[in-house]
Each structure stands twice: as structure tokens, then as C-alpha cells.
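1. Predicted model and sequence below, questions to follow.
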Amino acid sequence: MGDCDGDGVTDADEINGPDGDPATPDGTDSNDACDYDVADISLPVTSTVDCDGDGVTDADEINGPDGDPNTADGTDPNDPCSLIHQVLR
Ligand SMILES: [Ca+2]
Ligand SMILES: [Ca+2]
Ligand SMILES: [Ca+2]
Ligand SMILES: [Ca+2]
């Protein structure tokens with residue numbers, strides 16, 4: 001399973017979209033690290049983009065402090081007001 005843009009969503013999931021059908025326009029761009037469905041992320045994010053411009057990379061926002069995108073310790077990569085707040089713990 002490739003993830004060409006490193007946004008944590010496999011190319012297949014990006015192209016097929018939530019309904020698994022590549023013929024419907026619900027997919028995301030498998031070559032755009034800022035275009036993805038947060039719910040479809042299954043791999044650690046490896047891109048270095050900061051899509052919402054809050055100064056925290058999408059990788060840090062989605063992976064969270066434990067580096068695992070499957071745990072709910074990350075922040076919203078599309079919300080510039082949602083930052084990593086591990087210092088508050
Ligand atoms: Ca991807
Ligand atoms: Ca993408
Ligand atoms: Ca960010
Ligand atoms: Ca954010």
C-alpha cells in the first residue's frame with residue numbers, strides 16, 4: 001500500500017474514497033498532502049506540510065505525541081486554533 005504524498009491515507013483509500021468506488025468523486029488527491037480525509041488516515045503521516053499554517057506540521061498534529069495516528073492524541077490539521085498542547089498535561 002503506497003502513500004505517495006505522505007498524508008497518512010493510502011493511495012487506494014484516497015482514490016477510492018469512503019465508499020471504495022473510484023468512479024465517484026468522493027476521493028482525495030493522492031499527490032496532495034493537504035488533501036485527505038482525516039477519518040481515512042491509517043498510516044503515520046510522513047509529509048512535512050503545515051496545511052492550516054499554525055506552525056505545527058500535519059505529521060505532528062495527526063500523529064500526536066506518541067507518533068501513532070490511530071490514537072486520539074493529535075490535533076486538528078485543518079484548524080489553526082487546534083495545536084499540540086502537550087505542555088498543558
Ligand atoms: Ca496519501
Ligand atoms: Ca492526499
Ligand atoms: Ca498545522
Ligand atoms: Ca491545527
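-> Thanks, I have the structure now. Ligands and ions are numbered 1, 2, ... in the order given.
2. Show me what from this protein comes close to ligand 3.
-> Within reach of ligand 3 by CB under 5 Å from the ion, the chain has these residues: 50, 52, 54, 56. For every residue, glycine as well, the C-beta is placed using N, CA and C.
3. Got a ChimeraX select line for the buried ones in these?
-> Burial among the residues of the chain next to ligand 3 is assessed by 16 or more other CB atoms under 10 Å; the matching ChimeraX selection reads:
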select :50,52,54,56
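4. shaky segments in the protein?
-> 85-89 (pLDDT under 70).
5. Which residues of it lie near ligand 4?
-> Residues of the chain lying near ligand 4 (CB under 5 Å from the ion): 52, 54, 75, 79, 82.
6. how does it look with 8 Å?
-> Proximity of the chain to ligand 4 (CB under 8 Å from the ion) is limited to residues 52, 54, 56, 61, 75-83.
7. could the residues you listed go into JSON lines alongside secondary structure?
-> Shown next, in JSON lines, are the residues of the chain next to ligand 4 (DSSP: H, G, I helix; E, B strand; the rest coil):
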{"residue": "52", "secondary structure": "coil"}
{"residue": "54", "secondary structure": "coil"}
{"residue": "56", "secondary structure": "coil"}
{"residue": "61", "secondary structure": "helix"}
{"residue": "75", "secondary structure": "coil"}
{"residue": "76", "secondary structure": "coil"}
{"residue": "77", "secondary structure": "coil"}
{"residue": "78", "secondary structure": "coil"}
{"residue": "79", "secondary structure": "coil"}
{"residue": "80", "secondary structure": "coil"}
{"residue": "81", "secondary structure": "coil"}
{"residue": "82", "secondary structure": "coil"}
{"residue": "83", "secondary structure": "coil"}
